[in-house]
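In: Take a look and give me a structure for this.
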Amino acid sequence: MKKKYKIDTNIFSKELLGFWLYLMSDCIIFCTLFSVYFILVDNVAQGPSGHNIFQNNLIIIETFLLLFSSFSCNLVLFEMKNKNLYMVFLWLGITFLLGLLFVFLELFEFFHLINLGFGPTRSGFLSSFFVLIATHGIHVISGLIWIIVMIKYVYTFNITNLIYYRMLCLNLFWHFLDIVWVFIFSFVYLFGMV
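Out: Residues are numbered from 1 along each chain as shown. Predicted structure coming up:
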């Protein structure tokens with residue numbers, strides 16, 4: 001006889017407290033990196049400023065990729081509640097592909113800037129810019145690895161409360177990365193273009 005279960009959807013449950021604390025520690029890391037960036041933004045050492053190097057079209061594409069991946073990641077939880085395995089795999093795959101495209105565009109931007117001679121050793125501004133964006137990119141890569149692990153878990157164990165809980169943590173992490181990216185887009189790229 002198959003065991004019935006009810007999925008707990010409360011994002012403020014005591015089981016998630018540890019994960020919320022982790023997200024807050026990550027928030028402190030990004031706040032520190034933003035602070036360093038804003039302190040060094042004018043230290044260009046006769047090199048380029050954000051106005052000279054930021055590519056508007058590429059940044060907008062990256063932003064849409066990450067925002068759409070957040071939407072698709074949220075649909076994974078919806079489909080898990082409905083116990084629709086096919087759609088869970090589909091939305092996880094779409095989230096993974098969008099995140100992977102985002103990372104490739106970030107790497108393209110980095111290599112492009114370095115090829116132009118605007119690497120992280122050029123100025124304080126570029127150092128802080130590269131560290132902030134690379135830290136976010138490493139978090140996205142971690143999220144992509146987590147998505148692969150979740151695909152394996154769902155494939156192996158189906159949908160259980162534990163799998164749903166882990167997916168909920170992944171979802172919170174992915175949304176956190178989107179929020180950080182919105183700040184990067186707004187305060188680093190948009191203000192840098194002005």
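In: Quick one: residues contacting residue 20.
Out: residue 172 (CB atoms under 8 Å, 6 or more residues apart in numbering). (Glycine included, C-beta is placed from N, CA and C.)
In: and it, helix, strand or coil?
Out: Of the three states, residue 20 takes helix according to DSSP: H, G, I helix; E, B strand; the rest coil.
In: Can you show me the helices along this structure?
Out: 17-40, 50-53, 56-81, 85-115, 124-157, 161-183, 191-193 (DSSP state H).
In: Which positions in stretch 121-134 come out as buried?
Out: For stretch 121-134, the neighbour count (16 or more other CB atoms under 10 Å) marks 122, 123, 124, 125, 126, 127, 128, 129, 130, 132, 133 as buried.
In: how about stretch 99-116: buried residues?
Out: Buried residues in stretch 99-116, counted by 16+ other CB under 10 Å: 99, 100, 101, 102, 103, 105, 106, 109, 110, 113.
In: I meant to write stretch 154-165 there.
Out: Within stretch 154-165, the residues scored as buried using 16+ other CB under 10 Å are 154, 159, 163, 164, 165.
In: Now it - C-alpha only, PDB.
Out: Extracted in PDB, the C-alpha atoms of stretch 154-165 (Å, rounded to 0.1, in the frame of the first residue of the first chain):
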ATOM      1  CA  VAL A 154      13.400  13.500  -8.000                       C
ATOM      2  CA  TYR A 155      14.200  10.900 -10.500                       C
ATOM      3  CA  THR A 156      15.400   8.400  -7.800                       C
ATOM      4  CA  PHE A 157      13.000   9.100  -5.000                       C
ATOM      5  CA  ASN A 158      10.000  10.700  -6.600                       C
ATOM      6  CA  ILE A 159       8.300  13.600  -4.800                       C
ATOM      7  CA  THR A 160       8.500  13.400  -1.000                       C
ATOM      8  CA  ASN A 161       8.300  15.900   1.800                       C
ATOM      9  CA  LEU A 162      12.100  15.900   2.100                       C
ATOM     10  CA  ILE A 163      12.500  16.400  -1.700                       C
ATOM     11  CA  TYR A 164      10.000  19.200  -1.600                       C
ATOM     12  CA  TYR A 165      11.800  20.800   1.300                       C
END
